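> Build me a structure from this.
(one chain, ligands or ions: 1)
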Amino acid sequence: MSTEEQSLITTEVQTENTTRADRPDETVLEARSLDVYYGQDQALTDVSIEIPEHKVTAMIGPSGCGKSTFLRSINRMNDQIDACRVDGELSFHGKNVYDEDVDPVALRRKIGQVFQKPNPFPKSIYENVAYGLRVQGTVDDVDLDDAVEQALRGAALWDEVEGKLDSSGLDLSGGQQQRLCIARAIATDPEVILMDEPTSALDPVAASKIEDLIDELVEEYTVVIVTHNMQQAARISDRTAVFLTGGELVEFDDTASIFEDPADDRVEDYITGKFG
Ligand SMILES: Nc1ncnc2c1ncn2[C@@H]1O[C@H](COP(=O)(O)OP(=O)(O)OP(=O)(O)O)[C@@H](O)[C@H]1O
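Prediction:
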């Protein structure tokens, strides 16, 4: 590639990023004084945060500080853990997701999740993506093919699987499986995608593809990602939330501020590797 071509690409990327960074913040998710307990143990303490729409928000912090618990609180995956209790408020477009009239299944359609280990169903590639749409019952058979294709394209997987949609999702590589899970998550047209360490089980090339994909997904969705990889948070996120032991949200700011000029000494110590 010539230097001219390279600088053109750099300029395009910078323009895209500038546009994203300049977009005004619209809060899509908000936690207010959120406490989460497992039995007697408190996993999150008084967490308040406003997560902006169409941005990537990263959650970082040492092991056991409550990042996954926070993620699972957003779409009520914690409901499935008997010992788990939530106090305080967590709202999605201003509506507390813990109100009695909120259907957690419908909520999870709007707030999808991708896990650390790719977990496709033991079904064909097509059925993995079509499943949620069939359950939802909103797409007829004619449109289903189109919806599956759109979701696979959205997850940057279509070109690799176009001729083998009937093959098992489990026969794909780890990185492809993770993109299949992303396709499955976006098929039901969510607004938010929660990602819990989505690249930690992948090799660097596959991980880098997912990072590129996140950069595209955020044009249409809001992405909240838990990551242990601080370089990854610095590379891909617009905002970073730092949790520390005890489940306290210590600092939440623009990613550049967190990594270049954190306000809290404990955050500085954490990101410079003094503990972790
Ligand atoms: N299902 C559970 N039952 C009981 N305690 C739990 C459960 N899940 C998490 N915990 C506890 O809650 C605290 C927070 O855990 P969580 O998994 O949210 O932290 P994390 O920051 O995501 O950790 P890691 O980075 O290691 O994945 C920990 O003390 C953990 O032991």
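> Where do the strands of the stretch 151-276 of the chain begin and end?
Secondary structure of the stretch 151-276 of the chain (DSSP state E, counting those that start in this stretch): strands located at 192-196, 222-226, 239-244, 248-254.
> The chain against the ligand: which residues are in contact?
38, 43, 61, 63-69, 81, 83 (CB under 6 Å from any ligand atom). Quick note: C-beta positions are derived from backbone N, CA and C, even for glycine.
> Most neighbours among these, please name it.
When neighbours are counted by other CB atoms under 10 Å, residue 67 leads the residues of the chain next to the ligand with 27 neighbours.
> can I assume that residue is in contact with residue 59?
Yes: using CB atoms under 8 Å, residue 67 is in contact with residue 59, at 4.5 Å.
> which residues do the two both contact?
Here residue 67 and residue 59 share the contacting residues 226, 243, scored by CB atoms under 8 Å, 6 or more residues apart in numbering.
> quick revisit: among the residues of the chain next to the ligand, name the ones in helices.
67-69 (DSSP state H).
> Check which helices and strands the helix or strand where residue 57 lies sits against.
Secondary structure assignment for residue 57, by DSSP states H and E: strand 56-60. Under the contact definition 3 or more CB pairs under 8 Å, 6 or more residues apart in numbering; DSSP states H and E, strand 56-60 sits against helix 67-74, strand 222-226, helix 230-236, strand 239-244.
> if we can go back for a sec, to residue 124, which of the strands of the stretch 151-276 of the chain lies closest?
Ranking the strands of the stretch 151-276 of the chain by proximity to residue 124 (CB to CB) places strand 192-196 first, at 22.8 Å.
> on that earlier part again, tabulate the strands of the stretch 151-276 of the chain (a markdown table), appending mean neighbour count and mean pLDDT.
Formatted as a markdown table, the strands of the stretch 151-276 of the chain follow (neighbours: other CB atoms under 10 Å; pLDDT from 0 to 100):
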| stretch | mean neighbour count | mean pLDDT |
| --- | --- | --- |
| strand 192-196 | 24 | 97 |
| strand 222-226 | 25 | 98 |
| strand 239-244 | 24 | 97 |
| strand 248-254 | 18 | 97 |
